[in-house]
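>>> Starting from these lines, generate the structure:
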Amino acid sequence: MQSEKETGRIGGTAEAESCKAQMRVRATKTAIDGHVFDSKHEADVCAELMLQQKAGLISKLQFHPTFVLIVNGIPVCKYTPDATFHDEKDELRVIDAKGFKKSRKTGKLLPRVDREFGIKRKLMQACFGLDVELR
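Below is the predicted model:
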């Protein structure tokens, strides 16, 4: 029988999960105007929002605000989007910057989201009536 080194497999759940997390996240932290962002893409999206605020198109721009998601009086989890702001109609908008990948079947660009994000996105809709916009 071959050893773990020979097969290239990682034994143990914790080791496998750690390796998956390292392979999945290849983002470089980026700072703009004193704000630190988890990736260059996120920084670019937020820099665009900063310019829109300076131009007066949006207001009340916040980076990484935290929402407590409560269902039936029970705090279920917290969600921290990349940014929130008020648009020209003074409606609250929630933004999350996600990378995109090309679908093998259709060739369309699809956002890179995991199951946890999908659940939190639905909870934001259910708890606050807010749709999380992907950019």
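>>> can you pull the contacts of the residue nearest to the spatial centre of the chain?
With distances taken as C-alpha atoms, centre = their mean, the residue of the chain nearest its centroid is residue 96 (4.7 Å). By C-beta atoms under 8 Å, 6 or more residues apart in numbering, residue 96 lies in contact with 81, 82, 117, 132, 133, 134, 135. Heads up, the C-betas are built off the backbone N, CA and C, glycines and all.
>>> of all those residues, which two lie farthest apart?
Distance extremes for the contacts of residue 96: the farthest pair is 117 and 135 at 13.8 Å, using C-beta to C-beta.
>>> Find residues that contact each of those two.
With C-beta under 8 Å, 6+ apart as the test, residue 117 and residue 135 both reach 96, 98.
>>> just to revisit the earlier point, in strands, which of the contacts of residue 96 fall?
132, 133, 134 (DSSP state E).
>>> is it true that residue 31 touches residue 37?
Yes: using C-beta atoms under 8 Å, residue 31 is in contact with residue 37, at 7.3 Å.
>>> quick one: which of the two has more around it?
More neighbours surround residue 37 than the other of residue 31 and residue 37, with 23 against 9 (other C-beta atoms under 10 Å).
>>> and the more buried one, bridged to which residues?
For residue 37, the beta-bridge partners under DSSP bridges are residue 30.
>>> Test my guess that it contacts residue 50.
No: between residue 37 and residue 50 there is no contact under C-beta under 8 Å: 11.4 Å.
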